[in-house]
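1. Mind folding the following:
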Amino acid sequence: MKKGILKQIKSSWVLYLMLFPALLYFSIFHVVPLIGMKLAFQDYRIIGDNVWVGWKHFKILFSSPAFLDVLKNTIIISVMKIVFFFPIPIILSLLINEVRVGKFRKYVQSIVYLPHFLSWVIIAGIWIAFLNPEDGGVNVIRSFFNMPSLDFMTSKDHIRWVLVFQEIWRSAGWDSIIYLAAILKISPSLYEAAKIDGASKIQQMRYITLPSLTSTIMTVFILNLGFFMNAGFDQVFNMMNNSVISVIDILDTYVYRIGLLNGQYAYATAASLFKGVIGVVLILSTHFISKRFTGKGVW
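-> The predicted structure follows:
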């Protein structure tokens, strides 16, 4: 067994060399930190050994009204993003695939991919300016139609929708790449046979493209559920203000405040561990449900 693995690594050493930086990154920043998760069951001591307290921090966590509020916000924002964002890259990939003019297609792809490479600080600045109640683009359009100016950034009714549309603007183009790659794997002979039978473009999408994307869609959906409790720290942190903190304060920003700002390291670790366990449970349960009913999953 070991000889077979070593032989495979030796024959494809270039590929494994390319994989090494990614493995190193995940090992340092995602695997090694798991050792520190035991802090969730201890009282942190700057001097001396930590004291084992068992489930103390989890009991405090689940009895805290503040934690329950941020948990509710996290679930609401994550559900909104999955429901309204997840289908967009699929639709976008189908539309880009139908663009037959090569130069125009590359231009469209460049435009929709570009926002992904911007940091959330820059994106927040763009959207805050765009939604400015005085001279922002949205309110200029509203005033043209004699509609009252609206401050989206301080509106508790609108700020969650701002996060959703902001996520779509930033990530839909980039996420469509994986679906475009899957579409390219579909045999052209299927489309040619469909054309001979008189199938329209919509029918070709419905009966050829979408069924061929089922496996990819399910895999991406299951992996996205693993990040369900990650409602987007960078995004929320840069868009948050005192007027809307009650409706967009999420687990990650909560952990940041109580851990790094308030120094409650053990309590913050307990909250973070809870989030991680929920993610693992969602991935495994969704995988097995998908496997049971569709025969397709992550592995």
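
2. Please make it C-alpha for all contacts and neighbour counts, starting now.
-> OK.

3. Look up phi and psi at residue 52.
-> The phi/psi pair for residue 52 (degrees, to the nearest 10) reads phi -70, psi 120.

4. residues in contact with the nearest residue in space to it that is not next to it in sequence?
-> Nearest non-adjacent residue to residue 52, counting by CA to CA, 6 or more residues apart in numbering: residue 42, 4.3 Å away. Listed by CA atoms under 8 Å, 6 or more residues apart in numbering, the contact set of residue 42 reads 50, 51, 52, 53, 54, 266.

5. I figured the second one hits residue 43, correct?
-> To tie it back to what came earlier, the one meant is residue 51. Yes. The criterion here is CA atoms under 8 Å, and residue 51 meets it with residue 43 at 5.1 Å.

6. ok so, going back, now, the contacts of residue 42 that are in helices?
-> The helices, defined by DSSP state H, take in residue 266 from the contacts of residue 42.

7. What subset of the contacts of residue 42 is buried?
-> Buried members of the contacts of residue 42, counted by 16 or more other CA atoms under 10 Å: residue 266.

8. quick one: which of the contacts of residue 42 is nearest residue 203?
-> Taking CA to CA as the measure, residue 203 lies nearest residue 266 of those, at 55.9 Å.

9. hang on, isn't that closest one packed against residue 57?
-> Yes. Assessed by CA under 8 Å, residue 266 is found in contact with residue 57 at 7.3 Å.

10. shared neighbours of these two, which are they?
-> 40, 41.

11. in the chain, what secondary structure element scores lowest on mean pLDDT?
-> Lowest by mean pLDDT, DSSP states H and E among the helices and strands of the chain is helix 2-11, with a mean of 74.

12. gap between it and the chain center?
-> Taking CA atoms, centre = their mean, to the nearest Å, one finds helix 2-11 lying 35 Å from the centre of the chain it belongs to.

13. CA atoms of it as CSV?
-> The C-alpha trace of helix 2-11 is given here as CSV (Å, rounded to 0.1, in the frame of the first residue of the first chain):
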residue,chain,number,x,y,z
LYS,A,2,2.7,2.4,1.0
LYS,A,3,4.9,1.5,-2.0
GLY,A,4,1.9,2.2,-4.3
ILE,A,5,1.4,5.6,-2.8
LEU,A,6,5.1,6.5,-2.9
LYS,A,7,5.2,5.3,-6.6
GLN,A,8,2.2,7.5,-7.4
ILE,A,9,3.8,10.5,-5.7
LYS,A,10,7.1,9.9,-7.6
SER,A,11,5.4,9.6,-10.9
